[in-house]
Each structure stands twice: as structure tokens, then as C-alpha cells.
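A.B. asks: Sequence and computational prediction follow.
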Amino acid sequence: MSGEKRILILGTGSIAHRHAEHFAGIPGCRLVAAVDTNEARARLFADEHAIPDAFGSLDDAIAWGAFDAAVNSTPDGAHKATSLQLIAAGKPVFCEKPLALNHPDALEMTQAAESAGLVNMVNLTYRNAHAIQMARRMVEEGRIGTVRHFEASYLQSWLTSPHWGDWRTDERWLWRLSSAHGSKGVLGDIGIHILDFVCFGTTLSVAALQARMKTYDKAEGAKIGAYALDVNDSVAMTVEMENGALGTIHMTRYATGKLNDLNLAIYGETGALRIWANHADSRLEACLGADIETQTWRVVECPVTPRNEHRFAMALMSGDNGQPDFRHAAEVQKLLDMCFVSDIEGRWLTVA
């Protein structure tokens, strides 16, 4: 698996530009092709990032074949078909989140990649946060003892502030409010991130959950043009982890005064941790040892952690798949699917 890795980027939307920038800076990786159903857009993207080849279809790119792995930056609904096509061609895949639109599809993709023996990873962005990586190490080392409780949130406010554009007129945001346009609401959009944050930070899996969702009136007739505004805007969950620890997880687009904030507090029998992160920065605080008697919290220095793009490159070069992989993303997707059932049925659900 050693030697230079030739990377193809599939889908040339906004996230693809960031992937191109990061992969271009990784020693041992070379961007060789861009693919988009709009070939002109693929060529513009390729020219912008000094990528030599561009294609208007994945079929054409696979027939060409001169690449070692693919970054799948297509829209959510296209992840399954395109990833399976790449896997069938023997190409490792670095896929944007969510892996698929539901657990059965995500599991099918997982099984295909594992059966083919191919490196597979999902870009769960907040694994890039230095603080969550350090917090996990501290929990694994037993620094806070047995985890007994936690509280977590992912808070955005783009429904109350135009900092990312006016959702009433900007289709980039309107589609996220409409199930007919492929949205599963705030849960489908950012729920995967905060659930991964919780499971990774605590080192525990979810054993049972209960979820409640709310969709708020945002426009006359709950519709703007072709967009029916019918998906969840806020979600609150109560969760039991595999060791019996209890916690709450909530997420919303109505957190006025918050831009894009992830928070996780982990309470153990001999210490506690508080993690904050956004798309660019993170912070870790700890209450340990004698400080638990005075409820004193101290900032913890966190070493820089590799980005997910670097983890994928390392996996390609070493053959050791690494995390976060397809199987983990499929397990988180199972939890997301269960939240919808729990909300409809109004009951606790146990993870099978």
C-alpha cells in the first residue's frame, strides 16, 4: 500500500473545495481527477485546484481508472449508489456524512467495503477537534473514573440570524427545511455529529434512547415557494449508555446567540471534563483530583490531532483502516433512524 496515492474527488460542491485543499497538502497524495454530473463545473473545479483531469460521469472516471481512492462529496442521496460503484471498482472511499439516508443502506455500503477489503472512512468533521481527541484519551486512561452522566448539545442559530444567509430566500438553506427536497431536519443534518461526539468522547455506545422533535411555524402556510417547511427544527433526547450512564443530547437551529457550537460535559466518579468545539477551534477543561472538592475547572492543553483527510491518507498508505469507518457511521445512522420512531411512538427504544 506504500507509494503515492492518486486521489479522485467526486462531486464539486462547497465541501469538495476544502477536501481538495487538504488532500493537496498531504505528502504522498496527489489529486488527479474531479468528477461532477455537470462536466463544465468539474473542469472549473479541476482548473482551480490544478487537477489534471475532469469527467462528467463516474462511469467515465472508472473506465479511465487512473486513481487509487476517491473522496465522495456528492449530495447525501447519492452517497450509496456512487460509493457502491467505487467499491465494485476496487477503490477505497472517503465519504461525506451521512454515509446514507438510512441504516439499511449504510449497512449495505459497510458490508460491501468490508467484503472487498477496502479502506473506508466517513468525514465526521468534529473528530478533527483537538479537545475531543484529548478528552477521549483521558477517559480511556481512567482519569475521571467510571462515566455516570453526560450532557451534550449542538447549537446553531441560522433560523434567527442571517449570518450564513437569509434562509427565507436562499435555496442553500431552504432545502434543509423541506423533506421533499431530501432533508431530515436538524437531526439528519447535525445529529450525526453530536451523537458521534458523545460516543467518541465517552468511549461508550448508546444502549437506549427516547427522542422528541419539534417543527415550528416559520412562514404562512408552512411553505415558501416549492419548499414545504415540514422537518424538525429542534430535537431533545434522553440517552442511556451501555454502562448505564444517563445523559441528554439536544440540537437546534433556534439557539439564538450561538453560531455553531458543540458542547459535551462528561461526569465521572473521580473527575469530569467539559469540551467545546466549533468548525475551527476547540477547548477542553477538567475538574480532577483535589479540584473536585472545590469545583475548580482548569484548561487542558491539547496536542494537534490529524484531520480526517490525513487519517484517510495514513490508512491508504498503511492498510490499517482507522476511524471513523463506515461501520461506525452506520451504527450512528441506526440511532438517527430510531429517533424518528421514538418521536412518533412516544417511547423508549432499545438499540438492538
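C.D. replies: Right, received. Where do you want to start?

A.B. asks: Please count neighbours and contacts with C-alpha atoms only from this point.
C.D. replies: OK.

A.B. asks: Provide a complete list of residue ranges assigned to helices in the stretch 151-300 of the chain.
C.D. replies: Secondary structure of the stretch 151-300 of the chain by DSSP state H, counting those that start in this stretch: the helices cover 171-174, 185-186, 192-202.

A.B. asks: Quick one, which of the ones you listed gets closest to residue 81.
C.D. replies: helix 192-202 (20.4 Å; Cα to Cα).

A.B. asks: average pLDDT for the closest one?
C.D. replies: For helix 192-202, mean pLDDT rounds to 97.

A.B. asks: Could you do stretch 152-161 as well?
C.D. replies: pLDDT averaged over stretch 152-161 gives 98.

A.B. asks: Could you check stretch 160-173 and say which residues are buried?
C.D. replies: By neighbour count with 16 or more other Cα atoms under 10 Å, stretch 160-173 contains the buried residues 161, 166-167, 173.

A.B. asks: Switch these over to a markdown table; also include distance to residue 334.
C.D. replies: Output for those, formatted as a markdown table (distance: Cα to Cα, whole Å):
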| residue | distance to residue 334 |
| --- | --- |
| 161 | 32 |
| 166 | 32 |
| 167 | 29 |
| 173 | 25 |
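
A.B. asks: Which of those scores worst on pLDDT?
C.D. replies: Of all the buried residues of stretch 160-173, residue 173 carries the smallest pLDDT score, 93.

A.B. asks: do you know how far that residue is from residue 161?
C.D. replies: Note on residue 173: its distance to residue 161, by Cα to Cα, to the nearest Å, is 12 Å.

A.B. asks: can you map out the strands along the stretch 201-350 of the chain?
C.D. replies: For the stretch 201-350 of the chain, applying DSSP state E, counting those that start in this stretch gives strands covering 206-214, 223-224, 227-228, 234-241, 246-252, 260-268, 271-277, 282-288, 298-299, 349-350.

A.B. asks: Contacts for the fifth one next, please.
C.D. replies: What that stands for is strand 246-252. 148-157, 186-187, 190-191, 194-195, 233-240 (Cα atoms under 8 Å, 6 or more residues apart in numbering).

A.B. asks: How about the second one?
C.D. replies: Around strand 223-224, the neighbours that count as contacts under Cα under 8 Å, 6+ apart are 168, 229.

A.B. asks: Within the sheet, what are the partner strands of that strand, with directions?
C.D. replies: Under the criterion DSSP bridges, strand 223-224 sits next to strand 227-228 (antiparallel) in its sheet.

A.B. asks: and what of the first one?
C.D. replies: Strands flanking strand 206-214 in the sheet, each with its direction: strand 234-241 (antiparallel), strand 349-350 (antiparallel) (DSSP bridges).

A.B. asks: With mean pLDDT as extra columns, can I get the ones you listed in a markdown table?
C.D. replies: Listed next are those as a markdown table, based on pLDDT from 0 to 100:
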| stretch | mean pLDDT |
| --- | --- |
| strand 234-241 | 98 |
| strand 349-350 | 98 |
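
A.B. asks: Same question for stretch 15-32: list its buried residues.
C.D. replies: For stretch 15-32, burial by neighbour count (16+ other Cα under 10 Å) applies to 16-17, 19-20, 23-24, 29-32.

A.B. asks: how about the CA coordinates for that stretch, as PDB?
C.D. replies: Below are the C-alpha coordinates for stretch 15-32, written out as PDB (Å, rounded to 0.1, in the frame of the first residue of the first chain):
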ATOM      1  CA  ILE A  15     -17.200  20.800   0.800                       C
ATOM      2  CA  ALA A  16     -15.200  19.400  -2.100                       C
ATOM      3  CA  HIS A  17     -13.100  22.600  -2.200                       C
ATOM      4  CA  ARG A  18     -12.000  22.100   1.400                       C
ATOM      5  CA  HIS A  19     -11.100  18.400   0.700                       C
ATOM      6  CA  ALA A  20      -9.100  19.400  -2.400                       C
ATOM      7  CA  GLU A  21      -7.200  22.000  -0.300                       C
ATOM      8  CA  HIS A  22      -6.400  19.500   2.500                       C
ATOM      9  CA  PHE A  23      -5.500  16.500   0.300                       C
ATOM     10  CA  ALA A  24      -3.300  18.700  -1.900                       C
ATOM     11  CA  GLY A  25      -1.200  19.400   1.200                       C
ATOM     12  CA  ILE A  26      -0.700  15.800   2.300                       C
ATOM     13  CA  PRO A  27       2.700  14.300   1.400                       C
ATOM     14  CA  GLY A  28       2.200  11.200  -0.700                       C
ATOM     15  CA  CYS A  29      -1.200  12.200  -2.100                       C
ATOM     16  CA  ARG A  30      -1.800  13.700  -5.500                       C
ATOM     17  CA  LEU A  31      -5.200  15.000  -6.800                       C
ATOM     18  CA  VAL A  32      -5.600  13.500 -10.300                       C
END
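
A.B. asks: what distance separates that stretch from the middle of the whole chain?
C.D. replies: 19 Å (Cα atoms, centre = their mean, to the nearest Å).
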